[in-house]
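> Take this sequence and fold it.
(2 chains)
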Amino acid sequence: MNNDEIRAALESWLEDNWSPQLSLMEWRNILVDGGWAAPHWPQAWFGKGFDAEQAQVVRTVFRERNIVPAASIGPRGLASETILAHGTDGQKTRYLRPILTGEHAWCQLFSEPGSGSDLAGASTKAELKDGRWIVNGQKVWNTSAHHADFGILLARTDFDLPKHQGLSYFLIDMHQPGVEVRPLKQMNGHASFNEVFMSDAVVSADDLLGGEGNGWAVAATTLSYERQGFRRSRSVAFDIEQPGRIYQEYAKELEIANEPYTWYPQREGRVDLILARARETGAISDPAVRQEIAKLLSMQQAHALAAASAEAKRKSGSNEIVPAGSIGKLAASVIARQAAHVHTMISGADAMTAGPDSATDGVIAEVLVSVPAISIAGGTDEIQRNIIAERVLGMPKEIRSDTGPFRDIKRNA
Amino acid sequence: MQLEFTNDQVQFREMVARFLESTSPTTEVRRLIATEAGYDPAGWSRLCGELGVAGIHIPEAYGGSGFGPVELGIAAEQMGRYLYCGPFFASSVMAGYALLSLAEENHKAAFLPEIASGESIACLALDDLNSPEGVGATMAANAAGKIQGTASMVLDAHNANRVFAIARGPEGLGLYTLKLPDAGIEIIPRQTLDQTRKLCSVSFDHAPAERLGEVNNSGLTRMWEHIVVALAHEMVGGAQRLFDSTVEYTKLRYQFGRPIGSFQALKHRCADLLMELEFAKAVTYDAAVCLAGDKDVPYAPAMAKAMASDLYIEMARAAVQLRGGIGFTWEDDTHLWFKRAKSSEVFMGSPHLHRERMMKTLEEVA
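The predicted model follows:
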């Protein structure tokens, strides 16, 4: 189907099926049955086998017409894409539909206190006993775990194999006595993440995903979707202020899904506020401030141009190596840091205050204490630099000291 | 807006690169900087004849190829990469854009063709190389067109057979020209920090010149912007060359039993440099697109010059540093680019001046 045919088919289907008076669950089930919930998935599994461009047409129509889409943002999307790629028919049957309808919320259980940048160093232990996996260990940075029904879990099933080979990937029920979720408060006062403690938590043998010892390869699928989503806006550009029962229910779902991300614009430095703040405070006439503002806006413009050019090259199928991903992430950090620096220059002593009666209703203060997150989350700047150096520039790999049995690798207790 | 080079543009870039690869190796650059002229006339003729670079940006009506700032930038980038020593920048870029931006129609028709073909080598005498606002402050012309004053740094004046100059006449600032040599003009070569870029002091003592057009702010700004965007291309070309050779060096040089490129201290430096290089290239290419009229970002040229300047000298510092001691020797080629980077940083406006220009433009737009 070409793009026009897709649009026509979808619009005609919406004509027959869409109504804002449906409940969220009623609508999502119709959407899944119609194949429009995940059109880029295969026909055998709720989809239409569309490519990325065709799927984009569907998203555009949904957005234009304020149609409520499937529940796929955040950890739900990571879980469903990974299950689709690696799951058995039984797993796909059990889990995919309730993800798309929004009935089940998911969380990601990968990072640990002892394995941050070194994700493959996870030491949460899963042992097979009497036909069930018994899990013990601690996870951290688990977005929305306190709302989650299930988790995608990376755990070690063999401590004698080299570290990448001893991992397995599980689908774990969060509603059980062995799983405890605690909020994790950040330096900016928000608690967008959780810690998850597992003490003899149980996973049924059916919920091992992709086979024992294959956890690293399965996790790579999840991580690649996570990286793709890095640039995508978290909240849907969507007019939620509409009459109709479904919008009220959808607004509630979105509020929960977006709750961890309210401060994300601040961690990027709020470059959009710089010129207005400089004018408002008079700092715009300070030559030193002007120099720093110009540097900031230049970097931001360059970043946008470089990203657009990389995207154009990617689309045209150019063979040129386009190091857009890691460079883009590194650039976001540099820009955010420079923005915080300029905001500080502009505010002067006022930057000592926070809260509603401080600059821009407290937003500037939140910028100053949120920016440190951007060069850590989703892979630290240092890791990005390693990736750029080794994969883009072909510089020699680091000499490793983590080979051999995982048991013998030095790590924190 | 142009995000990618067309196939024709890519081919043109490769042609220029191939030509310079064979005619401008660093052995030749080193030979030329020791000569008085500083360039190879036969090589320049071939560059003009075979590739038409001298008139790439000049309209066909004036004997050029009719392309614009994007194609000129492509050529300039390769010249920066190979440290081409020749009159391209003085004659085609500086004098060429002075005529295109400031001269009246009949004078364009009279003088551009010989620049476009490369037959004539022209130079542009500006008494201020820091900012357009200072141009013409010390150069005066009387009603008869006789010029008095000194431009203390004129690129390639020693090779030129025609000089263009901006001076203040009775009717205001104007573009003037006269043929060289001339009894009223004294040209004294100066010692330069960057030996690949020869500068002369040019003193006018009642030199009889022809007035070619009025110089107003917008025309002068247009000229300045076209020159700095060409310069920015030259700079990112040089920076790319330094970057490539430096990364290569870190893979080949062994210390402590391993290639130094396996140390994170060097990897991280290189990763940061790649980001800055990609950024400077992006804004530089975009500035040419803006000048070509395909997009309107009025501060793009100033932004490009500032970023390319900062990037180039940063890259040059790193290129010396990452090579260690050998990088500081005369024998190693790195210093040739280092000096070009330093010279380019301050030529036609230091980065901080361009950032201030950028802010002024932003405020005017807002």
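> how many other residues sit next to residue 33?
If you meant another chain, say so; for now it's chain A. Number of residues near A:Asp33 (other Cβ atoms under 10 Å in any protein chain shown) recorded here: 12. For the C-beta atoms, the positions are set from N, CA and C on the backbone; glycine is no exception.
> Please refer instead to chain B.
B:Ile33 has 19 neighbouring residues, counting by other Cβ under 10 Å.
> Not counting sequence-adjacent ones, nearest residue to it?
Leaving aside its sequence neighbours, B:Ile33 sits nearest to B:Gln195 (Cβ to Cβ, 6 or more residues apart in numbering or on different chains; 3.9 Å).
> can you check B:Leu124 too?
B:Leu124 sits nearest to B:Met94 (Cβ to Cβ, 6+ apart), 4.0 Å away.
> so that neighbour touches B:Leu155, yeah?
Yes. With contact defined as Cβ atoms under 8 Å, B:Met94 reaches B:Leu155; the gap is 6.5 Å.
> anything in contact with each of the two?
Here B:Met94 and B:Leu155 have B:123-124 as joint contacts, going by Cβ atoms under 8 Å, 6 or more residues apart in numbering or on different chains.
> returning to what we had before: now do the residue nearest to B:Leu124: how many residues are near it, please.
Neighbourhood size, B:Met94 [other Cβ under 10 Å]: 27.
> Helix, strand, or coil at it?
Assigned by DSSP: H, G, I helix; E, B strand; the rest coil, the conformation of B:Met94 is helix.
> Could I get the contacting residues of it?
Going by Cβ under 8 Å, 6+ apart, the list of residues near B:Met94 reads B:123-124, B:155, B:227.
> Can you pull the phi and psi angles for the residue nearest to B:Ile33?
In terms of degrees, to the nearest 10, the main-chain angles of B:Gln195 are phi -70, psi -10.
> Then the one 3 residues further on?
Per-residue torsions, B:Lys198: phi -80, psi 130 (degrees, to the nearest 10).
> if I read this right, it contacts B:Thr192, doesn't it?
Yes. Here B:Lys198 reaches B:Thr192: they are 6.3 Å apart, a contact under Cβ under 8 Å.
> Would you mind telling me which of the two has the busier surroundings?
The neighbour count for B:Lys198 versus B:Thr192, taken as other Cβ under 10 Å, is higher for B:Lys198 (26 against 17).
> what's near enough to touch the closest residue to that one other than its chain neighbours?
Once flanking residues are discounted, B:Lys198 sits nearest to B:Gly38: 4.5 Å by Cβ to Cβ, 6+ apart. Counting by Cβ under 8 Å, 6+ apart, B:Gly38 makes contact with B:32, B:85, B:156, B:158-159, B:195-196, B:198.
> Equivalent analysis for A:Leu208, please.
A:Leu208 neighbours (Cβ under 8 Å, 6+ apart): A:133, A:168-170.
> again, 6 Å this time
Residues in contact with A:Leu208 (Cβ atoms under 6 Å, 6 or more residues apart in numbering or on different chains) are A:Phe170.
> and if you look at the one 10 residues further on?
With Cβ under 6 Å, 6+ apart as the criterion, the residues that contact A:Val218 are A:86, A:169, A:209-210.
> quick one, domains of the chain?
You didn't pick a chain, so chain A it is. What automatic domain parsing lists as the domains of chain A is A:3-73+A:234-259, A:106-219, A:263-392.
> meant chain B, my bad for not saying
According to automatic domain parsing, the ranges for chain B are B:7-117, B:122-215, B:218-365.
> nearest to A:Ala71, of these?
domain B:218-365 (36.2 Å; Cβ to Cβ).
> what does chain A have sitting close to chain B?
Taking Cβ under 6 Å from any Cβ of the partner chain as the contact definition, chain A meets chain B at A:290-291, A:294, A:298, A:302, A:305-306, A:308-309, A:312, A:327, A:330-331, A:385, A:388-389, A:393, A:395-396.
> What subset of these is buried?
For the residues of chain A next to chain B, a neighbour count by 16 or more other Cβ atoms under 10 Å in any protein chain shown gives the buried set as A:290-291, A:294, A:298, A:302, A:305-306, A:308-309, A:327, A:330-331, A:385, A:388-389, A:393, A:395-396.
> Keep only those of these that are in helices.
A:290-291, A:294, A:298, A:302, A:305-306, A:308-309, A:327, A:330-331, A:385 (DSSP state H).
> For chain A, what's its nearest residue on the stretch 51-200 of chain B.
B:Val70 (13.7 Å; Cβ to the nearest Cβ).
> Tell me who's in contact with that residue.
B:288, B:292 are the contacts of B:Val70 under Cβ under 6 Å, 6+ apart.
> host element of it?
Taking DSSP states H and E as the definition, B:Val70 sits inside helix B:69-81.
> average pLDDT across the helix or strand just after that helix?
Once the chain leaves helix B:69-81, the next helix or strand it forms, by DSSP H and E, is helix B:96-102. Summarised as a single mean, pLDDT over helix B:96-102 is 98.
> helices or strands next to helix B:96-102 in the packing?
helix B:105-117, helix B:217-252 (3 or more Cβ pairs under 6 Å, 6 or more residues apart in numbering or on different chains; DSSP states H and E).
> Pull up the pairing partners for the next helix or strand after the first one, direction included.
Past helix B:105-117, heading to the C-terminal end, the next element that is a helix or strand (DSSP H and E) is strand B:122-125. Within its sheet, strand B:122-125 is paired with strand B:162-169 (parallel), according to DSSP bridges.
> gap between the partner strand and the chain center?
Centroid displacement of strand B:162-169 relative to its chain, using Cα atoms, centre = their mean, to the nearest Å, is 19 Å.
> got the contact list for it?
For strand B:162-169, the external contacting residues (Cβ under 6 Å, 6+ apart) are B:95, B:98, B:120, B:122-125, B:135-136, B:139-141, B:147, B:175-177, B:179-180, B:215.
> rerun that using 7 Å as the cut-off
Contacts with strand B:162-169, where a contact means Cβ atoms under 7 Å, 6 or more residues apart in numbering or on different chains, come from B:95, B:98, B:120, B:122-126, B:135-136, B:139-141, B:147, B:149, B:151, B:157, B:173-180, B:202, B:209, B:211, B:215.
> before we move on, what about stretch A:5-13?
So stretch A:5-13 is in contact with A:34, A:36, A:54, A:57-58, A:61, going by Cβ under 7 Å, 6+ apart.
> who touches the helix or strand encompassing B:Gly49?
Element membership of B:Gly49, judged by DSSP H and E, is helix B:41-51. Contact with helix B:41-51 is made by B:15-16, B:19, B:23, B:53-54, B:86-87, B:117-118, as judged by Cβ under 7 Å, 6+ apart.
> Also stretch B:327-346?
For stretch B:327-346, the surrounding residues in contact (Cβ under 7 Å, 6+ apart) are B:26, B:29, B:83, B:193-197, B:231, B:234-235, B:238, B:241-242, B:309, B:312-313, B:316, B:319-321, B:323, B:326, B:351.
> Check those residues for burial and list the buried ones.
For the contacts of stretch B:327-346, a burial check counting by 16+ other Cβ under 10 Å picks out B:29, B:83, B:194-197, B:231, B:234-235, B:238, B:241-242, B:309, B:312-313, B:316, B:319-320, B:323, B:351.
> Read off the pLDDT value for the residue in the stretch 151-300 of chain A that chain B sits nearest to.
Residue of the stretch 151-300 of chain A nearest chain B, by Cβ to the nearest Cβ: A:Ala294 (3.6 Å). For A:Ala294, the model assigns a pLDDT of 98.
> can you map out the helices along chain A?
A:3-17, A:24-34, A:52-64, A:75-86, A:89-101, A:215-229, A:245-258, A:264-267, A:274-281, A:287-315, A:324-347, A:363-370, A:381-387.
> what does the stretch 151-300 of chain B put close to chain A?
Counting by Cβ under 7 Å from any Cβ of the partner chain, the stretch 151-300 of chain B comes close to chain A at B:247, B:250-251, B:258-259, B:261-262, B:264, B:267-268, B:270-272, B:274-275, B:278-279, B:282-283, B:286.
> Next one: the closest residue to A:Ile67 other than its chain neighbours from A:Gln248, what distance?
Closest residue to A:Ile67 apart from its sequence neighbours, by Cβ to Cβ, 6+ apart: A:Trp18 at 5.9 Å. Distance from A:Trp18 to A:Gln248, counting by Cβ to Cβ, to the nearest Å: 16 Å.
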